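**Student:** Following is a predicted model, sequence given first.
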Amino acid sequence: MSRSAEEFDFIVIGAGSAGCVLANRLSEDRANSVLLIEAGGKDSHPVLRLPLAAGLAYFHKPTNWGHRTTPQDALDGRAIDWPRGKVLGGSSSINGMMYMRGHRSDYDDWRQMGLQGWGYADVLPYFLRSEDHKDRAGPYHGKGGPLRVETAKAENPLYADFLASAEAAGHPRSADHNGAEQEGLGAYDFNIRDGHRESAATAFLKPARARPNLTVLSRTRANRLLLDGKRVTGVEIWSASGGRRTVRARRELVLSAGAINTPHLLELSGIGDPDVLKAAGIETRHALPEIGRNLQEHLGVYLTYRCKDPVSLYALFRPDRAALAGLQGLFLRKGPATSVPLEVGGFLKTRPDLDRPDIHITFVPGLNLETTQKGQGQHGYLINFYQLRPQSRGSIHVASDNPARHPVIDAGYLSDASDLQCFRDGYRLAAGIADAPPLADRNAGRISPEHALASDAEIDAWVRSAANTIFHPVGTARMGTDPGAVVGADLRVNGLSGLRVADASVMPRIIGGNTSAPTMMIAEKAADMMLGRDPLAAFDPQEEKTDA
């Protein structure tokens, strides 16, 4: 068992959406030696490459941490699977590839909480620096960055029917969900490059791998951080090939292990709530009681319908067609396997008095994997929606001092009963779209719920029985200016030196949308902080237009 210590200027733990960005940016200066540590392995499996296989990638066991929540009281006692990527690229290698920044007010809310440098005008330049948009131009989009973004073609006829029915039901269109106005429905942007998934690994890590000053240790678990008083000096790691050893950071170590593994590693290291640590048999090295708290996650439901006409994606379930589509996608980068099967949707208000959308709604010209696995495979379509800003909060805490043991995840779904009102309103909105022509003309009957729901009690019961994760956990090492915050606006862990956190766990409040692109933005800002660079100049096209 090796005990030798290696030294690097910077150590990044976790090669996910944030870690790959940091590895790239920190190693751009060849004078900096950078170590990137990842528990998973390569991202080369075909199911991770093909956009059509996104639903399978979520549950591909070799590249998944396999987390699971505790039984959720408000979800009829169901424990919910929480897939997270255990692979180079992290969850960006298994997610739905949707490129979404969230609403401008999400970031302005952070700034109003005292987090200077995190308002919309402050973060937009970092989104633009990352982006290389194939199809869009203008002040809201970047060209030439590492991260390829493409707009969906949405060629299946059911997409057009959904948008037409939504318009008939009174809902607005949107030409660009990441542009001047988020509200409305239209075609999504995706992280796809020439028919294949564009993950943080393919966009940021792959171009940097040849740099002699960047070392990547894959299939290597971080066991615990090393502390010298109140300074974090390195990390103990373990791998099957190299055993247990320590690596040290001359300048800084940054946790980018995600909203689950970041608080878990902090607590394994004796950093957290003393009562939680004591219960797990861990000595307290630095008390920070809010680590693992403030967990927020998007919860969603699926309205599923049979389709009268053979135009859905069910045609691809025939083995020969599926095989042909897969081969075309892998080797020719064309055909149905090169697009994600949820190409249109957007952000809507369930009540006209709201100041911003409160649900994200998506249409799929096929049925979800769970429905098909229950033997209900057939031509169909679904409408999915989730609440954008839940009030419910959960927690993630260490279960024992064994680094290989899963943490205890209590999602706290619907623990704040006020969240149910959004689901009631959202159900009625989504059902109203489905019941409007031309989509209604395709309807051959409901699958879930089995009949129209009229009362609040019926909707509540269905939500409790059917709702599931949308794969967006955040907030467990929240950023703030108050004494209880885990990190400050500079992402340094309060009360410690040599340690920052840069991933979705620092979000004080969840973003109104998908969390992958915002997590990459956080890492972009973190890299500038760690390198001592001035932040990019604040920029807001709306303010520029007003000034003009």
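**Tutor:** That came through fine.

**Student:** Am I right that Glu543 falls within a strand?
**Tutor:** No. Under DSSP: H, G, I helix; E, B strand; the rest coil, Glu543 sits outside any strand and is assigned helix.

**Student:** Now the longest strand anywhere in the chain: average pLDDT?
**Tutor:** Criterion DSSP state E: the longest strand present in the chain is strand 243-255. Per-residue pLDDT over strand 243-255 has a mean of 98.

**Student:** All further residue positions should be reported with the first residue as 58.
**Tutor:** Taking 58 as the first residue, the last one we looked at is strand 300-312.

**Student:** by how many degrees do the helix or strand just after that strand and strand 300-312 diverge?
**Tutor:** Sequence-wise, the next helix or strand downstream of strand 300-312 (DSSP states H and E) is helix 315-325. With axes from the mean of the first three to the mean of the last three C-alpha atoms, to 10 degrees defining the directions, helix 315-325 sits at 120 degrees from strand 300-312.

**Student:** which strands and helices sit next to helix 315-325?
**Tutor:** strand 278-285, strand 300-312, strand 452-454 (3 or more C-beta pairs under 8 Å, 6 or more residues apart in numbering; DSSP states H and E). Any C-beta I mention is one placed from the backbone N, CA and C, and that applies to glycine too.

**Student:** Could you list the buried residues of the first one?
**Tutor:** Within strand 278-285, the residues that qualify as buried by neighbour count (16 or more other C-beta atoms under 10 Å) are Arg278, Ala279, Asn280, Arg281, Leu282, Leu283, Leu284.

**Student:** Between those, which sits nearest Val78?
**Tutor:** Lowest distance from Val78 to the buried residues of strand 278-285 (C-beta to C-beta) belongs to Ala279, with 18.3 Å.

**Student:** Got the confidence number for that closest one?
**Tutor:** 98.

**Student:** contacting residues around it?
**Tutor:** Ile70, Ile94, Ala96, Val292, Glu293, Ile294, Ala314, Leu322, Pro460 (C-beta atoms under 8 Å, 6 or more residues apart in numbering).

**Student:** picking up where we left off before, report the two of the buried residues of strand 278-285 separated the most.
**Tutor:** Arg278 and Leu284 (18.7 Å).

**Student:** Flag the shaky bits of the stretch 58-207 of the chain, pLDDT-wise.
**Tutor:** 58-62 (pLDDT under 70).

**Student:** For the closest residue to Ser475 other than its chain neighbours, give me the pLDDT.
**Tutor:** Taking C-beta to C-beta, 6 or more residues apart in numbering, and ignoring the residues beside it in sequence, Ser475 has Gln448 as its nearest neighbour in space, at 5.5 Å. In this model, Gln448 is scored at 98, pLDDT.

**Student:** again with Lys431
**Tutor:** For Lys431, pLDDT reads 70.

**Student:** how far away is it from Gly541?
**Tutor:** 45 Å (C-beta to C-beta, to the nearest Å).

**Student:** thinking again about what came up before, does the residue nearest to Ser475 sit in a helix, a strand or a coil?
**Tutor:** Gln448 ends up coil, using three-state DSSP.

**Student:** Report how many residues lie close to it.
**Tutor:** 13 (other C-beta atoms under 10 Å).

**Student:** For Asn152, which of the helices and strands packed on helix 315-325 is the nearest?
**Tutor:** strand 452-454 (19.2 Å).

**Student:** Strand partners (parallel or antiparallel) of that closest one?
**Tutor:** Paired neighbours of strand 452-454 in the sheet (DSSP bridges): strand 465-467 (antiparallel).

**Student:** residues contacting the closest residue to Leu323 other than its chain neighbours?
**Tutor:** Residue nearest to Leu323 in three dimensions, not counting chain neighbours: Ile348, with 5.2 Å by C-beta to C-beta, 6+ apart. Contact analysis of Ile348 by C-beta under 8 Å, 6+ apart lists Pro320, Leu323, Glu324, Ile328, Gly329, Asp330, Thr533, Ala534, Val543.

**Student:** what's the neighbour count on the nearest residue to Phe219 once chain neighbours are set aside?
**Tutor:** Excluding its sequence neighbours, the residue lying closest to Phe219 (C-beta to C-beta, 6+ apart) is Phe420, at 4.1 Å. The local packing of Phe420 (other C-beta under 10 Å) involves 28 other residues.

**Student:** Next up, the contacts around Phe420.
**Tutor:** For Phe420, counting by C-beta under 8 Å, 6+ apart, the contacting residues are Leu215, Tyr216, Phe219, Leu399, Val401, Gly402, Tyr438, Leu439, Ile440, Asn441.

**Student:** distance between the ends of stretch 247-262?
**Tutor:** By C-alpha to C-alpha, to the nearest Å, the extent of stretch 247-262 from end to end equals 19 Å.

**Student:** average pLDDT for it?
**Tutor:** 98.

**Student:** Kindly report the same for stretch 483-501.
**Tutor:** Stretch 483-501 comes out at a mean pLDDT of 98.

**Student:** residue ranges with poor pLDDT in the stretch 358-507 of the chain?
**Tutor:** For the stretch 358-507 of the chain (pLDDT under 70), the answer is 429-430, 432-433.

**Student:** what are the ranges of the strands in it?
**Tutor:** 401-405, 416-421, 437-444, 452-454, 465-467, 500-505 (DSSP state E, counting those that start in this stretch).

**Student:** what's Pro414 sitting at in phi/psi?
**Tutor:** phi -60, psi 150 (degrees, to the nearest 10).

**Student:** surely it meets Tyr443?
**Tutor:** No. Between Pro414 and Tyr443 there is no contact under C-beta atoms under 8 Å: 11.5 Å.

**Student:** sorry, back to before: okay, buried residues for the longest strand of the chain please.
**Tutor:** Arg302, Thr303, Val304, Arg305, Ala306, Glu309, Leu310, Val311, Leu312.

**Student:** Can you tell me which helices and strands that strand packs against?
**Tutor:** Right, strand 300-312 is packed against strand 62-70, strand 278-285, strand 288-296, helix 315-325, strand 556-558, helix 573-587 by 3+ C-beta pairs under 8 Å, 6+ apart.

**Student:** Comparing those, which comes out most buried?
**Tutor:** Ranked by mean neighbour count under mean count of other C-beta atoms under 10 Å, the helices and strands packed on strand 300-312 are led by helix 315-325, which reaches a mean of 27.

**Student:** could I have that one exported to CSV, CA atoms only?
**Tutor:** Output in CSV follows, covering the C-alpha atoms of helix 315-325 (Å, rounded to 0.1, in the frame of the first residue of the first chain):
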residue,chain,number,x,y,z
GLY,A,315,-21.5,17.4,-7.4
ALA,A,316,-24.4,18.1,-5.0
ILE,A,317,-24.2,14.6,-3.6
ASN,A,318,-20.5,13.7,-3.4
THR,A,319,-19.2,17.1,-2.5
PRO,A,320,-21.0,17.3,0.9
HIS,A,321,-20.3,13.6,1.4
LEU,A,322,-16.5,14.1,1.0
LEU,A,323,-16.5,17.1,3.3
GLU,A,324,-18.3,15.1,6.0
LEU,A,325,-16.0,12.2,5.5
